[in-house]
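Undergrad: Give me the fold of what follows.
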Amino acid sequence: MSSFLGKPNLKRGIRNNNPGNLVKTNLPWKGKISHSQNTDSRFEQFTTVEYGLRAMLRDIVNDINKGSDTVTKLINQYAPPFENDTLSYINDVSKGLGVRPNDKIRLIDNQFLLKVARAVIKKENGNDHKYITDSHIKSAVNMLGTFTKSAVKVNVKTDLLSAIIVPLILFFLTVFTISL
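TA: The predicted structure is shown next:
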């Protein structure tokens with residue numbers, strides 16, 4: 001696990017191990033530094049960057065599950081207009097994901113999580129985004145475990161083979177059943 005905590009020459013999100021710049025809350029995030037020991041007046045701090053990434057991804061997945069299922073809705077929730085250039089944020093994240101701003105988010109898998117994390121980190125931290133590697137993000141994704149998306153359980157550790165084979169089997173079972 002990696003830590004950039006307190007390195008003064010880095011952007012705030014990186015030096016807080018909170019590359020998503022999550023605002024302080026009472027949520028008991030794993031790896032969160034208690035408010036009594038947190039040296040930032042506004043944002044959460046985490047013991048490692050992986051815990052900060054995990055919290056960011058958990059927050060994003062929760063927002064999607066609550067109905068923010070397009071980049072426009074998601075970013076309006078995650079980075080509201082009263083404190084961000086939300087339109088620019090929406091466009092940058094959409095570009096990073098390779099989708100249009102109002103396309104429905106239908107699949108949350110490792111690739112989606114990696115892309116959305118990378119886009120948010122870049123937007124929140126400018127050039128310092130390069131300190132966060134794909135390995136950091138993948139470690140955070142592996143720490144997520146399982147979560148629910150639209151009443152369908154999705155395990156983020158599912159590989160591409162499983163993501164293709166299971167739907168194909170279900171398709172052929174459905175076609176076979178209907179043709180009987």
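
Undergrad: Can you get me a residue count around S68?
TA: Counted by other CB atoms under 10 Å, the residues lying close to S68 total 18. All C-beta spots, glycine's among them, are computed from the backbone N, C-alpha and C.

Undergrad: so it sits right up against N76, yeah?
TA: Yes. Under the criterion of CB atoms under 8 Å, S68 makes contact with N76 at 7.5 Å.

Undergrad: So the residue nearest in space to the middle of the chain versus R100, what's the distance?
TA: Centroid check for the chain by CA atoms, centre = their mean gives L57 as the closest residue, at 2.8 Å. Distance of L57 to R100, computed by CB to CB, to the nearest Å: 22 Å.

Undergrad: What of N142?
TA: N142 sits 30 Å away from R100, going by CB to CB.

Undergrad: E50 too?
TA: Relative to R100, and taking CB to CB, E50 is found at 31 Å.

Undergrad: go on, N18?
TA: Counting by CB to CB - N18 and R100 are separated by 29 Å.

Undergrad: Which residue of those two possesses the greater neighbour count?
TA: Using other CB under 10 Å as the criterion, N18 and R100 rank with N18 on top: 30 against 11.

Undergrad: list the contacts for that one?
TA: N18 makes contacts with 43-46, 52, 55-56, as judged by CB atoms under 8 Å, 6 or more residues apart in numbering.

Undergrad: from those residues, which ones fall inside helices?
TA: Judged by DSSP state H, those include 52, 55-56 as members of helices.

Undergrad: Give the burial count for V23, as a bare number.
TA: 9.

Undergrad: didn't it look like it was pressed against F43?
TA: Yes. The criterion here is CB under 8 Å, and V23 meets it with F43 at 6.0 Å.
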